[in-house]
Each structure stands twice: as C-alpha cells, then as structure tokens.
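1. Predicted model and sequence follow; I will ask about them next.
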Amino acid sequence: MTATHTTHRTTAKQDWAAGTMVFAAVMLMLAGVLDIFRGIMAIAEDDVFVTTRNYVFEFDLTSWGWIHLALGAVGVLVSLGLFRAATWARVAGVAIAGLIIIANFLSLPYYPAWSIVMIAMSGFIIWALCTVRRDDSFEPFERPGRDM
C-alpha cells in the first residue's frame, strides 16, 4: 500500500504576503510598546517633553500620556491578532496605525523627532497591511509544506 501525500507549495506572492503581514505585526507591536513607554513618560511628566505655548491642539501632558498609553496597549493587542493573520486584526491594525499617526501629529510640538519617527513607522504599517489581498490570506507561521 502506498501513501499519497499532497504537497502544498506556496507561491512567491503568498511568501510576499506573509512577509508583509509579519512585518506589519512586528512594527505594530514595536509602535505599541514605544507608545506605551511614551505614555508612561508623559503621565509621569518627564522633562523629556518640550512645552510649547499657544498650540492649537494644546492638551495637558498627562492627557497626551493617557492617549498614547491607550493607543499603545490596543496596538500591542491588535499585533497579536496580526500574527494569526486575522482579518479583524488587519482592519483594526490600519485603524490603530491611523490613530497613532493622528495622535503623533497632534502632539508634534511636545516631542517632534519621535513624533515624526512614529508617523513614518505607522505609515509603513498601513502600507504593509493594505498590500495583502483577501485571496492571499493564510496562517503565516503554520503553512503546510514548510518545515519549521
């Protein structure tokens, strides 16, 4: 009796999709953790932040800290869903990355260099999550035909 095994070969397109999904998950996790740290620094009212007068979107530094802390925590949770290639996590990841961009733009005068870095990082996250099409969806770490 012979056993027949079907081999599942992945295409280059699926490999590219897996790479961008993992890239987005890692970048969102990193952005979330860094936003959590930024939120903690702002809540503690660290001297790292610049105080700007007459800024249109002026909030108390503690308010910005809580906003960044919440966005960072949600970003970390969504990135865990991205590692499983969940569709809800892709949609939520784009939304959270967009909110991180908006929050960093509005808090630009408080920590300008870091805000620009986070805006760019979130832009890459949105790009990576929007390049994977629905027909390319799969489990990036549990694909058949790959030896781990």
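-> It's in. Numbers count the residues shown, from 1 in each chain.
2. check contacts around the most centrally placed residue in the chain.
-> Residue closest to the average C-alpha location in the chain (C-alpha atoms, centre = their mean): residue 28, at 2.0 Å. Contact analysis of residue 28 by C-beta atoms under 8 Å, 6 or more residues apart in numbering lists 75, 76, 78, 79, 82, 93, 96, 97, 125. To be clear about C-beta, it is placed using only N, CA and C from the backbone, and glycine gets the same treatment.
3. secondary structure class for it?
-> At residue 28, secondary structure determined by DSSP: H, G, I helix; E, B strand; the rest coil is helix.
4. Find the residue closest to it in space, skipping its chain neighbours.
-> residue 79 (4.0 Å; C-beta to C-beta, 6 or more residues apart in numbering).
5. I'd say that neighbour and residue 33 touch.
-> No - using C-beta atoms under 8 Å, residue 79 is not in contact with residue 33, being 9.3 Å away.
6. So for the two, which residue has more residues nearby?
-> residue 79 (24 against 15; other C-beta atoms under 10 Å).
7. outside of the helix or strand harbouring that one, which residues touch it?
-> Here residue 79 sits within helix 61-82, counting by DSSP states H and E. Applying C-beta under 8 Å, 6+ apart, the external contacts of helix 61-82 come out as 21, 24-26, 28-29, 31-45, 49, 59, 88-90, 92-93, 96-97, 99-100, 103, 107, 110, 129.
8. Can you tell me which of those are buried?
-> Buried members of these, scored by 16 or more other C-beta atoms under 10 Å, are 21, 24-25, 28-29, 31-32, 34-36, 38-39, 41-43, 49, 89-90, 92-93, 96-97, 99-100, 103, 107, 110, 129.
9. ok, back up a step: in helices, which of the contacts of helix 61-82 appear?
-> Within the contacts of helix 61-82, residues falling in helices by DSSP state H are 21, 24-26, 28-29, 31-43, 88-90, 92-93, 96-97, 99-100, 103, 129.
10. Any stretches of the protein with poor pLDDT?
-> For the chain, the stretches with pLDDT under 70 are 1-10, 46-52, 55-58, 133-148.
11. and with 90 instead?
-> Residue ranges of the chain with pLDDT under 90: 1-24, 38-39, 41-65, 67-68, 84-87, 104, 106-115, 128-148.
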